[in-house]
Each structure stands twice: as structure tokens, then as C-alpha cells.
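Trainee: sequence first, predicted coordinates after that:
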Amino acid sequence: MFDAKLWRALAEMGTLGLPFPEEAGGMGAGPVEVMIVASELGRAGVRSPYAETMVAGTLLGDDALLGSLCDGSALVVPALTEPGRAWSPLPVGVVLSGGAASGVRAPVPYAAAADHVVTTARAGDSTAILAVDAPVSSTLDLAGKAIRVLAEDGEATVRRAINLGILALGAEALGAMDTALALTVDYLKTRKQFGVPLARFQTLTQRAADMYTSVELTRSVVYFAAMSLAADPDDEVAIARLKVSAGKAGRHVGQEAVQLHGGIGVTAEYAVSHLLARLTAIEHTYGDARYHLARLARRVGDYGALDLMA
Amino acid sequence: MFDAKLWRALAEMGTLGLPFPEEAGGMGAGPVEVMIVASELGRAGVRSPYAETMVAGTLLGDDALLGSLCDGSALVVPALTEPGRAWSPLPVGVVLSGGAASGVRAPVPYAAAADHVVTTARAGDSTAILAVDAPVSSTLDLAGKAIRVLAEDGEATVRRAINLGILALGAEALGAMDTALALTVDYLKTRKQFGVPLARFQTLTQRAADMYTSVELTRSVVYFAAMSLAADPDDEVAIARLKVSAGKAGRHVGQEAVQLHGGIGVTAEYAVSHLLARLTAIEHTYGDARYHLARLARRVGDYGALDLMA
Amino acid sequence: MERGLSAQDQQFRQEMREFFTTQIPQEIRAKAHTGEELTKDDIATTHRLLHAAGMAVPAWPVEWGGKDWSNRQRYLWFDELQLAGVPAPLAFNANMIGPVLATFASEEMKARFLPPTAALDIWWCQGFSEPEAGSDLASLRTTAVRDGDEYVVNGQKTWTTLGQYADWIFALVRTDPAAPKPQQGISMLLIEMTSPGVTVRPIQLIDGGHEVNEVFFDNVRVPADNLVGEENHGWDYAKFLLGNERVGVAPVGWIKRKLADVKAHAAQVAEGEGTLLDDPLLAARIAELECDLAALELTVLRVAANSHHGKPDPASSILKLRGSQIQQDVLELMVDVAGPASLAWEPGDDTPDWARRSAPVYLNFRKASIYGGSNEVQRSVISSGILGLKG
Amino acid sequence: MERGLSAQDQQFRQEMREFFTTQIPQEIRAKAHTGEELTKDDIATTHRLLHAAGMAVPAWPVEWGGKDWSNRQRYLWFDELQLAGVPAPLAFNANMIGPVLATFASEEMKARFLPPTAALDIWWCQGFSEPEAGSDLASLRTTAVRDGDEYVVNGQKTWTTLGQYADWIFALVRTDPAAPKPQQGISMLLIEMTSPGVTVRPIQLIDGGHEVNEVFFDNVRVPADNLVGEENHGWDYAKFLLGNERVGVAPVGWIKRKLADVKAHAAQVAEGEGTLLDDPLLAARIAELECDLAALELTVLRVAANSHHGKPDPASSILKLRGSQIQQDVLELMVDVAGPASLAWEPGDDTPDWARRSAPVYLNFRKASIYGGSNEVQRSVISSGILGLKG
């Protein structure tokens, strides 16, 4: 799952600390650069905890651990989901009280490879941010664990971290869709059936055109989300729209790529299946399209015409 | 709009009183026969107040007016929608109090041609059924109108009437879809473009196959709804499923029929546009697919596996 | 593509908004808004008011009345125009024949036609489609045979929008029937609608409206001077015309307006104890369409930024494709919001206009995915022109 | 199609339900239920229990172990089997080669093969698809050349499901390369998997599972007695086989079970103050899928009622098409309900099995619209076979 060699290479290129301050060991760049890196990872079909690292780094704030995250010497992952509960950006069953934490986080991504975990806990009316050592399995039971409190009132930081994580995931999804489309187009050009190339079958080429349309629209939304976070790291609306658009497009493009490949599309030997798997995982990380759509739906009455340039 | 000659012919064939008791001037048949007649009307592209008559006849109960409805000597239509309000099977702003009614019904279907209107009003906790003379316009303001109270506690009758009306509409939609598909297939076979028949374009024939699939699935649901009402005139679940399936299929088949016809599909000179118009009207009568879906959604937790044969 | 607007563009937008909402008559905008059929006068009045303010043909060369605006400013102009419910400048003049003449016509022809075209002193219509050649434009059969100083035109055009009001038609005609390919041997002719032998027959659309026509040519004599550019090069001009307009191809501002209307109306329609806008399924559908619309608008801006003048860009096919789909989705949603009130097509009760017009407008706009290159044609352009998938 | 069940059928259904839920081991049903990979033993145990009760091959002729059930009863048997999460009798035996042999084979061949086929003493696999002929079955290249009393088989098959467990394969082979049409000149041969020259290579699927294989034939000698029916008539037998099964083509009971599971799980996943099942969008999606499923089931019953034995019915294409679509929709919804828990593919934490398996099973079942005649092929069957649209 976790490719340590690749991770060192990403660290050496400075990509892990890209959006974090130079004084903390980062590159002092921003969301646009994160988007560029993540989309290339998606295009290459590389599976890595890149988005998780963007979330964890943001959650760390000015903690010293951020330097080790940036230079790759420590893998720090966020633990934000609770077993038996749908996605929620804020903690529900994880509680900080009297200096001790309780509650469970699972599944923790890349738990086996991680050195440290950043998580959140309810502390009265606030959301605390905690650092703990990584668990051996992907379940993190906080009861009795040694914790460090990084922030006592960290809700804004949590939301900002998730925004950046969603941007990285959306960009990765875009890259994965680019490759899924390219593989499909190539397959249609070269594969023959009934004695002619598949590209002769209009029903297939028209569907490839719809895939292209989905990908290009997603590209616009990803670019815009990156610029939106660059202007305002708290812009949850642009991020929710990104999650909805990329989620719908990911299902469409991923499923069609497999379908147009026919039998080999569902084999592990061929890349396109892994792209669909990755797009499926991205869709279910940090809230799926339904979740973000419901958030947007609750606001539609608050304004009239859509105005992206306001 | 209202074709009096056609209506007389329908009356003479006994179709208007089909599901009503023989002693009241009806034929003593049932929902299955109503479905057959309505689907033929839909297939022929005939626009008529057939479904409305089924609703009105049921609402009349054992009132003497039912005889005139059955023999076609009086056109009786239901007035069940309130201006400024989404579909509701029961009255909200129409009230019966102290023998007088107040509130407005609009639009009243076929108001200009109708002789009588049957409507409903809140009477305390009950739903009353009233008969009034037809208004001159399609707005019926009940204030000061002479009314006859047909039933003081008529909610069950109202729901049953709407069930039968929805069955008639669903069957009519099925007939309209049959014709829309047949016209489309015929057009694809005969029309040439780029020097060859449209049937050579696989993207079009595959979409025709999807239309066929929608139509056949709808046919099963319509048949089943008819049999369900024959067994239990209060079966709202089968009727809600019919409205959802026929609504979705009607949009799909109607829109695709127009699209596959190209330019002539949107002209009034060609039948297919009228079929889409009629399917659109049917979808918005007695609650659209969204309304009925929400009703079904509220019940999904009440049972486990779907069991149509229970 | 940038996030947000510069202060200068903010101000530009404000000026546009001010102009459109105060200088164009409210009753015309209200009609356009609810989808009432506009009269010839409504369209002409608006076009001339825009022209007087220098806003009818901003994309034209400056010497013929255009504006030296940035892509972004041109976008804002059109977006605000649509948001305000202002009928657009007549497309046949402003977006179609005008740019063709400005690019390909002789100086003499430009001087003769461009000023009255900009001012709508000539009302143009388009003569491209024919009954036997819908999406397959190149198979057109209308002929123009040279006879001395004139062409003699015979044949039939169809789907001629607003042809009933037109003074002139720009028509594609076959001048060389022996050309090796059907696209060759086609020319573009300017023909006065009052010429002897021209007949216009109305076609009634699904909503009962009269906006398109058939146009018949029976031995119509056209001065040879009315040939645009060179003989047998009409296909190039037609391609230029069809690929020219990227900004207008997806009616983003129009959809924004409609979607805002959907919300406003939904908030007025009672359902249960609240309104339709409180319904989670309806609100989610609105939110989803706003996501779709945002993606479209951002793509329009991104493609427009890459525009290289005059060359048709196959990427504009995705704008046409998605633009028509979202437009149709919004109009369908409007009917759903109107609900039972959408059944009141005819006047005569208290049903509000927006609800009464919702179904006819929805039905009418099924044309959006058919006219101007059907969505099937757009997909073919994408698959062959961009993806290189050739059968 | 009738509304409701007769008292007799009610009782029949009750008996089936009783048998499946008490006589088939719970641990096997639980595995099938959550989509764990079944072992060879799991499948064999189930099949043999069913066979012992006379329920493995009810659609066969009575003399070979079939049941004289009505269409409705056969439907109830399969529906209850799926609802109880019982792995179906091995399809290659029960639904494919068995009916072919019972219809076309010599009496001698029937006597030799049908009893062990019914009892799963022979485990069959299917040798139809080839690497260069996916949906285009007729272009197969595997050859069988007659040499005395034997055929010599060379070539390659692919997508051979559970071939790793099989004792025998029924294969389509080309016996007459000179036949005028590719469908002609094809025969059906029964080949022992232990024959020298047969090699099986596993193909790993998207979810990491091993269920399909490539099968290579390198000068495999097959007794001529193993020819099914007549030489060069294999295409007819294959068509019979593919068109034979209407009841099983759409996995209605399986989908019912999954959709019930979706609801049960959604009612357990906390969201906000309630559960996911309280979410109006999710509940509406479930209700919509129940409408789709009801339409499918009613259509299965309607088409089955019109069944004329043995003749392939193009209407069964709509069952395959919609069956796979709804199956995939339900599995996609299961992943959505699992949400973040679907990310835990690998064992090692407290994530429940249904959630952990949700994504792999969803991914695996993308095959449903590809295998056994892709949905594109089904649409072509409908458009040409039913609608008469021939290109």
C-alpha cells in the first residue's frame, strides 16, 4: 500500500511541504501548487497519502512535527472518521476531558506505515486537535493513549485542513480521469471487434465524447477551487461544489472507462480498473457527493443568481 | 380542447361508466378495464378528460349525478388543486363551515366545457366532498357559491378516486409512449441523413433500445397497478410506484422521441411533440414523480426486502 | 481564468448592470423573462437601444462598431445582459452574418452592409438548413446558376428563425453541382426577401408559437454582386460562422436568471407547512444544477481565454452540448416547481404567468439540443475533432 | 402475471424459505451475503444439499432430475434461494450445459453426463470467449481438426469462470474454417480439463479475487464421441444456451436481498442526530431503486409467462440490461452507505465485513454489464431483433 521509496522522492522534490510556511520546513507555496502535484499523482495512477498529508500538515499548525512531515522523515496521517458513523468533519464520539481522550477512530488511513496520527476531539463546545502515536492496526482507540493537545479550539483549522484535503483529492481525481479517458480512447482506436476497430462503433465514440465533456468540466471546477482556496482557505462552497462535480464525474468517467474496455476493464492486470477503484475511494473520503450536495442545498435560498465572481 | 363528439362516442361505448356500479348507470367493470381504455386513448394521442371523469365519478359516490356522468350527458370534473400550492390530495385552504364553503380551486381542468365540478373542503378534521356548478373560467372561487355536500367524511373516497385517476393517467402515458416509440422507430427506418437511413447510426438505435426498455418496464408496472387496485382500491404504494416509474419513463421516452426526430420533433405539425406535451401534463397531475418518491421514501424503513406478492 | 474580478472589471460589470436594468424597457424584459413570445418591435427596440449605446456588436472590429473589450469584459456584457432578461441583439446580424462579412467580404460589400446590419436597419435571417439535410448541411440542394450578372436561385430552406420579419437572408447555395465533395461547390449569397419568387411559410412549434419558417426560392434572380467572398467557398464561411461564437454558445447568464427564478418561485409555492424550497429533494436538485452551471461557466471562461480569433475550436462543442442540457434541465425544473399550475396553458384564471408559460417554454426549448448542430453532431465533433476517434 | 399468490403458491414459497434458511449452512450464506469469495467447497456443499433435496436442477426434464413446477413456482424457488443468500446451483451445470445436453445430445451422452452434471460430480466450465473475440463470439479461432476417432484442439479461451475448479469444459471450436459465414463451421466439444495440453492461467480481477481464467489448448486430443449433437451446429446450441434462461437472467432476488441490506445498514450508520436512513436524499434513492426493482421483477414475471420453451426471446435482453444496471446501482449505493468505512479494504480493524467488502464487490460487479453479452450487445439485440432497426 504505502510506497516508501516514492514517498522519499516526493519529499525530496519538496512536494510534501508545498503549502506550508518556509520557516516550518515547507515551501511557502499554496493550493494551486498542491493541485498541480496531486493531479499529476492521479494521472500517473500513483496511490499515496498525499491528500492525507496536506490535511495532517494543516492540522499540525506550528507544531514542530510539521518539519518532519515536510522532509518526509515522519509519516503523519489524519484520523477523522468514526466507526459506525457517516462522514462528519467534526468529532462526535471522540471526547477530550481532563487531559485524557476517549473514543475510537477507524479506519485510519495508512495506519501501518504512519508514525503519528493527528485527530480531533470534542472539548466542551470546542474542537481540540490532538497528536498521538500511530496505532498498529487501522483502529485507533484513544482510551488511555498518550496524547498531545495541539489546539484547544481548532474548528477553523479542521475545516481549512479538510478543504485543502478535498482540493488535493479532487485534483487527483482529475488526473485519474485524464488517464482513464486516454486509455479508453487508445483502446477504442486499437482494439478490433466484428472485424473493425471499436472506434467505428458510434455508440462508443459518442460516449467517449461525453466522458471528455465530464473531464473538461471537472478541470474547470478543480482550477477554480484551487484559486478559491488561494484567495480564501475557508471557502467551503467552492470546495463542496468541487466534491459534487468531481464525484459525479468520477463515477461517470470511471464506470464508462471500464465498460468501454469490456472484459479486460475489470481485470487487475489492466490499469483502468485501478483508476476506478481510486476514484471510488476518493468519492468516499471527506464526504461523498450526496453529503456535500445536501450542504449546498441548505443554502440555496440564501442568494439569488449564481455569482462565481463576487 | 374538449372534443364533444369524441366524448359522446366514448359515452356510447360505455367507457365513461366502466368502473361504476350498474345500478348507478355504470358498467360494473373495474380498474383493469379502465387501464385498457385509457392506454388506447394514450396510444391514439387523444386528449380527453377521461382520467378526470374516473376521479369525479368515484368522488360522486352514489350521487344521482353519476348517471349523467356515465351516459355523457353531463361533464363532471374534479377540482383538487389550489393556486399557489404544490399538489396535495387533501384540501388545505378550502374550508367548509356552517354549510358554506370558502377558498379557491385553480386551475380546474376542462372548466369551460364542464357542467359540474366535484371538489373537497376541510370540515373540521374531516374532508368533505362537494358538488358545485362549473365556473366560467378555470378558477373556482367557492365563496358564496351554492354547494351540495356529497360526503362529510370523504377522505377515503378522495384517496381512492385519486388512485383510480393516477391509474388512468399512467395507462394513458403508457399508450402515448408506445406511439412515441413506434413513430421514432419508423422515422429512424425511413429518414436518411448523410446518405444513409438513420437506422445506420448506432448511437440512435441503441437509444431506441433504451426507450423500448423503459416502455416495457412501464407496461409491467401499469398492469400491476391495475391488478392491485382491482384487489384493493386503497393500495397507495402500487400507485405511487406507478407514478414514479411512469413519470421517469415519460420524461425519458418523450424527450428522446423528440430528440431522435430532430427538427420536426419540435413542430406542432408532427404528432411526437404533442405526445411529449401530454406526457408532461400527465407527470404534473396528481403529484409528480418527486412527490410520490418522497412518500415512498418515508416508508422504506418499515419493511425489509421488497415483496410484491405479499 | 481568475478568481474574482479586478476593480476595473467590477466597475465595468456595475455599468452594464445599471444600463440593462434601467435603459431597456421593463415590460420587454418581463416578457423575455417569462418566455412570452416577443414581437418584432420588442426585438427591434431592444437592439436599437443597445446599438445606440454601442453595445449591440461589441465583438465586431472597432471600425465597424465593435468595442476594444477584453474577453472577460465581453463575457460580463453578455452575462449581465442575460441576467437582466434583456433580449440579445439579433444573433443573425450580430453574431452570424456581421462577423462573416467583416472577415471575408469585399470592402464595398462591408461598407454597404455592415452599418445597417449593426443598426438592425437590415433584419437578417439564415438560410442554411434544408428539409432533406438536417444535421447534414453539406448535402444541401438549393441551386444558384449564374446567368449573366445574376444568379438564379431555386430550392427550399427550412428552420428559418424569424424569417417572417426578415429583410434579407444569407443563404448557402450550390453553385458547382459537379464538385468532387459535397462541401465544395457551395457559395454564400445575400438575397432580399422581397425578391420575386421568395415565399415564406410559417412552421408552428410544439408550444404553438411561430418562430421558424420554410423559405422557398422559385427562379429568384440575385445580383452577382451579392456573392459573399469567392464562389464555391461558402462552406468555409459557414464553418467560420458556426465556430465563431464561443461566448454566446452556452447561455450561461440566461440559465443563471432562470435558476434564480426557480428558487424565487419555489419559495412562493406552498407545500405542507412550508414551501417547495424546503423540500430536500427539490433543494438538492437546485444545488446540483448550480454545480453543473458553475462548471459550465468556468469552462466557458477557460475556453474563451484560449480563443484564437476566427478558428473554430472543437472545445466549443462541449459548451453547446452542456449548455443545452443544463438549459433544458432548468426549464424542466421550472415545470416541476409550477406543478399543477403548469397545466393551465391557456389564459383565463389566476395562474401566474411564469407557471402558465413553464410547460410551453420547456417544450419549446427541446429545440436547444437539436438546432445549431444537434447534440449528436457535437459529440461527433468532439470524438473525431478532439479525441481522434474516426470510424 | 397475477396480483398476489394463490394459497398453493404461498405454501410452496413458505416451504422454499424454510428449506433455504434452515438446511443451507449459515456460514456459507453469510459469506455469499457480504460478497466474500466462496471456496470450491462452499459451492459444492450447497449444490449437493440442493441436489439431495431435488432442488438443484428443477428446470430440467423430470426424467433427468427436473421438477414439474409451474413458471411461477420456478420463479419463487429462485427468488427465495437468492433472498436467503444461498449460492445458486452451479450455473455451468444447471443452466448451461445440462439443458443443452438434455435437448440436443444423443441418449448415450445424456445417460453418461446428465446424472453427474446434476449432482456436481462433474464440475463444468464454459469455453466460449476468446481474447480476440469478446462480444463477437462468432469470430472464435480455437480449432478442432478431426484425426481418426479424435479431434485435435488448439487455441485459447478466456474469461473462463471458476475454470480452476472444473473437471470438464464445454467449448465452442471451429471445425470448418471454410464455412461461408463465421457462425457456421462451429461445433461444441466436451473436453476433460486433465487432458494433456490443457493449461489454466488465472486472471486477477479488479477486487483482487480469482474467479476467471484463461484456458489454453495445445494439441489436446478429444474423443470424437465428445462432440455434442452434430458437427458444425455448435452455434445453434450456443444460442439455445444463451437464450434459454429467462428466469435467472435478472438476479431479482439477489438485488432484493442487497437492497434490504442497504436499508438495514443505513439504519445502523449514525449521521447527525439520527441515521443515514433518515437522510431524505438517501431514502429517496432507496425508494427509487425499489421502484426500478419492482418494474424489473414484474417484467421478469410477464416475460416468463410468455415463454415458449427453448426459443431465445429478444425480450430477455431487457432483463439482462436492466438487471445488471440495477444490480450495479444497488452495489454502488452500498458503498455510499458504508461511506468512509468502505475505504478499509483490508482486514485489521473493527470495520464490519459488509462495509469492508462493499467497494470490492461494487468494483467486481462492473462485470455484470460486460459478461454474458455486454449491455451494448443487449441493446443491439433489442434494436435489431425487436424494433427491426438494422443498420
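Mentor: Received the coordinates, thanks.
Trainee: could you find the closest non-adjacent residue to A:A86?
Mentor: D:E271 (4.0 Å; Cβ to Cβ, 6 or more residues apart in numbering or on different chains). Quick note: C-beta positions are derived from backbone N, CA and C, even for glycine.
Trainee: in the stretch 151-300 of chain C, where is pLDDT below threshold?
Mentor: C:244-247 (pLDDT under 70).
Trainee: tell me which other helices or strands the longest strand seen in chain C touches.
Mentor: As assigned by DSSP state E, the longest strand anywhere in chain C is strand C:210-223. Secondary-structure packing of strand C:210-223 (3 or more Cβ pairs under 8 Å, 6 or more residues apart in numbering or on different chains; DSSP states H and E): strand C:150-157, strand C:186-192, strand C:198-204.
Trainee: between the last one and strand C:150-157, what angle do the directions make?
Mentor: Regarding strand C:198-204 and strand C:150-157, their directions subtend 20 degrees when assessed with axes from the mean of the first three to the mean of the last three Cα atoms, to 10 degrees.
Trainee: tell me which residues are up against strand C:198-204.
Mentor: Contact with strand C:198-204 is made by B:267-269, C:158-160, C:163-164, C:169, C:191-193, C:210, C:212-218, C:220, as judged by Cβ atoms under 8 Å, 6 or more residues apart in numbering or on different chains.
Trainee: ok, of those residues, which come out buried?
Mentor: Using 16 or more other Cβ atoms under 10 Å in any protein chain shown as the burial test, the contacts of strand C:198-204 include B:267-268, C:158-160, C:163-164, C:169, C:191-193, C:212-217, C:220 as buried.
Trainee: can I get the helices and strands packed on strand C:210-223 in CSV with distance to A:S138?
Mentor: Below are the helices and strands packed on strand C:210-223 laid out as CSV (distance: least, Cβ to Cβ, whole Å):
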stretch, distance to A:S138
strand C:150-157, 68
strand C:186-192, 67
strand C:198-204, 66
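Trainee: can you say which of these is packed in most?
Mentor: Of the helices and strands packed on strand C:210-223, the one with the most neighbours on average (mean count of other Cβ atoms under 10 Å in any protein chain shown) is strand C:186-192, at a mean of 24.
Trainee: what comes into contact with that strand?
Mentor: Strand C:186-192 is contacted from outside by C:97, C:100, C:113, C:127, C:138, C:140, C:144, C:151, C:153, C:167-175, C:198, C:217, C:220, C:222, C:226-229, C:231-235, C:237-238, using Cβ under 8 Å, 6+ apart.
Trainee: return the subset of those residues lying in strands.
Mentor: The members of those that map onto strands under DSSP E are C:127, C:144, C:151, C:153, C:168-174, C:198, C:217, C:220, C:222.
Trainee: let me see the ranges of the helices in the chain.
Mentor: Defaulting to chain A. Taking DSSP state H as the criterion, chain A carries its helices at A:4-12, A:31-44, A:50-60, A:65-71, A:155-190, A:202-231, A:236-261, A:271-283, A:289-297.
Trainee: not quite, go with chain C.
Mentor: Remark: helices assigned in chain C by DSSP H are C:7-23, C:26-34, C:40-52, C:71-83, C:91, C:98-104, C:107-119, C:234-244, C:252-266, C:280-305, C:316-338, C:353-364, C:375-380.
Trainee: pLDDT averaged over the third one - what is it?
Mentor: The predicted model gives helix C:40-52 an average pLDDT of 97.
Trainee: the second one now?
Mentor: Along helix C:26-34, the predicted confidence averages to a pLDDT of 92.
Trainee: may I have that helix as CSV, with CA atoms only?
Mentor: Provided in CSV are the C-alpha atoms of helix C:26-34 (Å, rounded to 0.1, in the frame of the first residue of the first chain):
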residue,chain,number,x,y,z
GLN,C,26,-39.1,46.7,-18.1
GLU,C,27,-42.1,45.3,-20.0
ILE,C,28,-39.9,43.8,-22.7
ARG,C,29,-37.6,42.3,-20.1
ALA,C,30,-40.5,40.8,-18.2
LYS,C,31,-41.9,39.2,-21.4
ALA,C,32,-38.5,37.7,-22.3
HIS,C,33,-38.2,36.6,-18.7
THR,C,34,-41.3,34.5,-18.5
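Trainee: got the domain ranges for chain A?
Mentor: A:75-153, A:158-300 (automatic domain parsing).
Trainee: hmm, back to that, neighbouring strands - and their directions - for the longest strand of chain C?
Mentor: Counting by DSSP bridges, the strands paired with strand C:210-223 are strand C:150-157 (antiparallel), strand C:198-204 (antiparallel).
Trainee: quick one: name the residues of the stretch 151-300 of chain A near chain D.
Mentor: A:192-195, A:201, A:203-204, A:251, A:255, A:258-259, A:262-263, A:265-269, A:273-274, A:276-277, A:280-281, A:284-285, A:288, A:290, A:293-294 (Cβ under 8 Å from any Cβ of the partner chain).
Trainee: so how do I select the buried members of these in PyMOL?
Mentor: One line in PyMOL is enough to select the buried ones among those; burial here means 16+ other Cβ under 10 Å:
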select buried, chain A and resi 193+201+203+204+251+255+258+259+262+263+265+266+267+268+273+274+276+277+280+281+284+285+288+290+293+294
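Trainee: for chain B, tell me which of the residues of the stretch 151-300 of chain A next to chain D show up nearby.
Mentor: Checking these against chain B (Cβ under 8 Å from any Cβ), the matches are A:F201, A:T203.
Trainee: one step back: just the buried residues of the contacts of strand C:186-192.
Mentor: C:97, C:100, C:113, C:127, C:140, C:144, C:151, C:153, C:168-175, C:198, C:217, C:220, C:222, C:226-229, C:231-235, C:237-238.
Trainee: how is chain C partitioned into domains?
Mentor: Using automatic domain parsing, chain C is parsed into the domains C:2-89, C:124-232, C:249-386.
Trainee: in chain A, which residue sits furthest out from the middle?
Mentor: Most distant from the centre of chain A: A:G195, at 42.5 Å, with distances by Cα atoms, centre = their mean.
Trainee: so that residue sits right up against D:S139, yeah?
Mentor: Yes - between A:G195 and D:S139 there is a contact under Cβ atoms under 8 Å: 7.2 Å.
Trainee: report pLDDT for the residue of the stretch 1-150 of chain A at minimum distance from chain C.
Mentor: Here the stretch 1-150 of chain A gets closest to chain C at one residue, A:V32, 10.0 Å apart by Cβ to the nearest Cβ. A:V32 carries a pLDDT score of 97 in this model.
Trainee: what's the neighbour count on it?
Mentor: 17 (other Cβ atoms under 10 Å in any protein chain shown).
Trainee: so what's it closest to, chain neighbours aside?
Mentor: A:A226 (4.7 Å).
Trainee: any idea how far the residue nearest to C:A53 when sequence neighbours are not counted is from A:L174?
Mentor: Once flanking residues are discounted, C:A53 sits nearest to C:F19: 6.4 Å by Cβ to Cβ, 6+ apart. C:F19 is 39 Å from A:L174, where distance means Cβ to Cβ, to the nearest Å.
Trainee: tell me which of those two has more neighbours.
Mentor: For C:F19 and A:L174, the more surrounded residue by other Cβ under 10 Å is A:L174, and the numbers stand at 26 against 19.
Trainee: for A:F20, which non-adjacent residue is closest in space?
Mentor: Using Cβ to Cβ, 6+ apart, the closest residue to A:F20 is A:G26 (2.8 Å).
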